[in-house]
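S.K.: Give me a model of this one.
(chains A and B)
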Amino acid sequence: MAISYEPLNQNTDVTTTRTLLHEVIPLTGTIISGTYGTYPSEENIKNYTHGMFQSVYDYPYLSSSANHIFDITLGYDETSVLSGTVATQNSKKINLYNQFSQVLLGYDPATQKVEIFESDLDITDDDRQMKQCFFISFARLLTKDQIKKGSFTLELGKGDWLTPFSSGSKLPAGTARIILQDLRANVDGTQVASSIGGDYGVLYDATASANASDNTSSHGVVFYQAGIVALSSSAFQASGSNILDFASGSNTQTGSTAGTGPAYTADKTMSSASISGTCDALRHRIYNLSYNNSTEINSTIYFCRMPTTKFNYSSNPTYTSGSKIVVKQIPAEMPITFVTTIGLYNVNNELLATAKLSEPLRKDPGTELTLRVRLDY
Amino acid sequence: MAFLDNSGDIILDAVLTDVGRKRMAQGNFKITKYAMGDDEIDYGTYNVSHPSGSAYADLEILQTPILEAFTQVNATINYGLVSYSRNDLLYLPTIAINTKMTDDVVFAGDQNVIYLADDSKYDTDNVITGDLLMASTRAGPSTVLRTTQTSTRYILVETGINTSDIPPTSANQGTYILNVGLHDRQYMVGFDSRFIAGVLGASSNSTFTNDSTSQQGAVLSVSLQTSRGAQAARSISNFTESPVNGVVSTLYKPSSGPDNTGNKSNIAGPRGTFTALNFAIHPGLGDADYTRYGKTSQNIFADGKNFDYIDTIVYVKGLTTNVTIQIPIRVTRVTS
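M.R.: Numbering: from 1, shown residues only, chains lettered A, B, ... in the order given. The predicted structure follows:
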């Protein structure tokens, strides 16, 4: 019999469970802009020659220690007021909008065109349309299976270009930052809509007056499984007719938003500046970003039973001395063994998994043990 | 691997093995059985005469630190816990290589190695490797196997209760071995298939019994046959396992007179089964293999004869009792 194998009854000795594991992912704005170099030339920001998006790392990206956090890009629908031949990278911005739209929302069956993002849960009502959006796509490394519903927070600065997180002269005191949250989304699926890109919730302005209507306080949507935020440029509009200087415009048309010059609104920047330049401006205004990720763990639990009549002897070479069992002095004494390891085998006796106890467990005919081995997938 | 934290609750650290991950990738991962191991335990530290009483006998064992789980299948359960229906067993069989029979029986000599001679190789005088090695001035006849030879020259492996407390009578063989199912009807021989092509084991009509006249001596009659059913070992890379017969030994203490059978067997008490082994050198073993895995042109016996050799280990395991022995083999060929 060599090693004594015991069969697992697939009905009584094996069970499966499903667990959701959550981790908090806090990203401070200083990591996104300001820590690794002088804005906008930061070592943890990777721009590409194609200029379609910008990648943000948690450390200078040339280091092997760097982890990819998220990508930023932007786009607008071809019917947007920003669309036009004079706009910088116009076709690329339209293509990017269409790409995100067709992946996350799909096509409008009536028009056979891609859907327009909306900052509400009803994609068919054509209300609250977001025809120009920033897109923040989080890396799988952080998002894991999905963003936990109701946990997303994005805090943005609305102040002057040089001091985006201060009220300055244009904003009422205490309104320099906008906190966007998926306030109403619940893990049970309420206040969440579904599309071909998965579930999504609306990002509301958590700093708005309690009386503010939904229609004026929603500025984007977060797609939980896709790990993508579509952020409306409306988040950077002040109340009333005030226009915020989203970016400093001296260099915007050549791709940089650094320096001084005439103020550009968010929309103007999205139109006139390059994609990477606009991404720089958005990064400059991210104060905090946090969410909880979710990992779905499917576990199989094997109940390895050691009944009284089993596993009472060992083939360990030290178990005998001159053929005599060393843990017994007379035949009437109970044999004793000490378990340290559990091996799980397939039908061909191939060892597929192994489990170790943190300390030896005594086994004798007077005891019965059940060891619960959980394998997570 | 680090030790597991044993300061608090008992925890289980579980991992998939290399094979498990491979099977998962292939889509045929299905666990159907389990086994228990105790490889870290040194039962010699079980102190039956602990000064504080028997409750403390297992104190040291229970404090044994346990390593984290390995993913290599060969480092997990090498021996394992076994189940026997009776709780009153005081003796379990052990395994030994017979070093007491003469003539055809081969065992490791002073160099702690058994030579496996490649008789297809000659020296400059046209003397084959086996004949050169068997010279008493070299390895000597008792330590030389000759590849594929089926009638003579074999390793004799015995199992049984190796204690002088119990006489090796037929009755005791029944009581302590046969009636409690502790005899190995088959042995599994594991060998490195890069060097050894196959195993020759004892045929079922082999005998190891008393001398028919005096009863004091022993008569060994062995014929070897090629083992069938070899398959890749599941626990060691490059190894193949091949089953060979185990034959019940009928070498008993004589019914009268002194018992001298101990001069013929390495099992002092009731004997279980035995088998005999020889090996076939892999026909493709060439110069590059000797260079890579062994040593070449070695003047082993300091007499001017040069040999190439590769050292390897053969594992022999009783399939019932799980008793295991390792045999060092030196695959050898003469070069000049």
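S.K.: what is B:Y309 paired to in the beta sheet?
M.R.: Following DSSP bridges, B:Y309 is listed with bridge partners B:K295, B:T332.
S.K.: correct me, but it touches B:N299?
M.R.: No: with contact defined as Cβ atoms under 8 Å, B:Y309 does not reach B:N299; the gap is 11.7 Å. C-beta coordinates here come from the backbone N, C-alpha and C atoms, glycine included.
S.K.: So between these two, which is more surrounded?
M.R.: B:Y309 (22 against 11; other Cβ atoms under 10 Å in any protein chain shown).
S.K.: give me every residue that touches the more buried one.
M.R.: B:Y115, B:Y290, B:G294, B:K295, B:Q298, B:I300, B:R330, B:V331, B:T332, B:R333 (Cβ atoms under 8 Å, 6 or more residues apart in numbering or on different chains).
S.K.: out of those, which one sits closest to chain A?
M.R.: Closest approach between the contacts of B:Y309 and chain A, by Cβ to the nearest Cβ: B:R330, at 24.2 Å.
S.K.: Could you count how many residues lie near that closest one?
M.R.: Quick note: B:R330 (other Cβ under 10 Å) scores 25 neighbours.
S.K.: Over to A:Y5?
M.R.: 17.
S.K.: Secondary structure class of residue 235, three-state.
M.R.: Picked chain A for this. Under DSSP: H, G, I helix; E, B strand; the rest coil, A:A235 falls in the helix class.
S.K.: Could you tell me how many residues sit around it?
M.R.: For A:A235, using other Cβ under 10 Å, the count is 22.
S.K.: Residue numbers of the stretch 101-250 of chain B in contact with chain A?
M.R.: B:G160, B:I161, B:N162, B:T163, B:D165, B:M188, B:R234, B:S235 (Cβ under 8 Å from any Cβ of the partner chain).
S.K.: quick one: which of the residues you listed sit in helices?
M.R.: Taking DSSP state H, every one of these sits outside helices.
S.K.: So which of the residues you listed are in strands?
M.R.: Within those, membership in strands is found for B:G160, B:M188, as judged by DSSP state E.
S.K.: Which of the residues of the stretch 101-250 of chain B next to chain A ranks first by neighbour count?
M.R.: Of all these, the highest neighbour tally under other Cβ under 10 Å goes to B:G160, namely 32 neighbours.
S.K.: show me where the chain has helices.
M.R.: Reading this off chain A. Ranges of helices in chain A, per DSSP H, are A:29-32, A:90-104, A:140-143, A:214-217, A:266-272, A:275-284.
S.K.: oops, chain B please
M.R.: Counting by DSSP H, one finds helices in chain B at the ranges B:18-26, B:59-62, B:129-134, B:170-176, B:287-293.
S.K.: residues in contact with the longest one?
M.R.: By Cβ under 8 Å, 6+ apart, the surrounding residues in contact with helix B:18-26 are A:344, A:346, A:350-353, B:16, B:29-30, B:71-73, B:234.
S.K.: Same list, the helices of chain B, but as CSV with mean neighbour count please.
M.R.: Output for the helices of chain B, formatted as CSV (neighbours: other Cβ atoms under 10 Å in any protein chain shown):
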stretch, mean neighbour count
helix B:18-26, 15
helix B:59-62, 16
helix B:129-134, 22
helix B:170-176, 17
helix B:287-293, 13
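S.K.: any chance of these in TSV, plus distance to A:K149?
M.R.: Output for those, formatted as TSV (distance: least, Cβ to Cβ, whole Å):
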stretch	distance to A:K149
helix B:18-26	31
helix B:59-62	48
helix B:129-134	77
helix B:170-176	68
helix B:287-293	60
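S.K.: Same list (these) but as JSON lines, adding mean pLDDT.
M.R.: Formatted as JSON lines, the helices of chain B follow (pLDDT from 0 to 100):
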{"stretch": "helix B:18-26", "mean pLDDT": "93"}
{"stretch": "helix B:59-62", "mean pLDDT": "90"}
{"stretch": "helix B:129-134", "mean pLDDT": "88"}
{"stretch": "helix B:170-176", "mean pLDDT": "92"}
{"stretch": "helix B:287-293", "mean pLDDT": "93"}
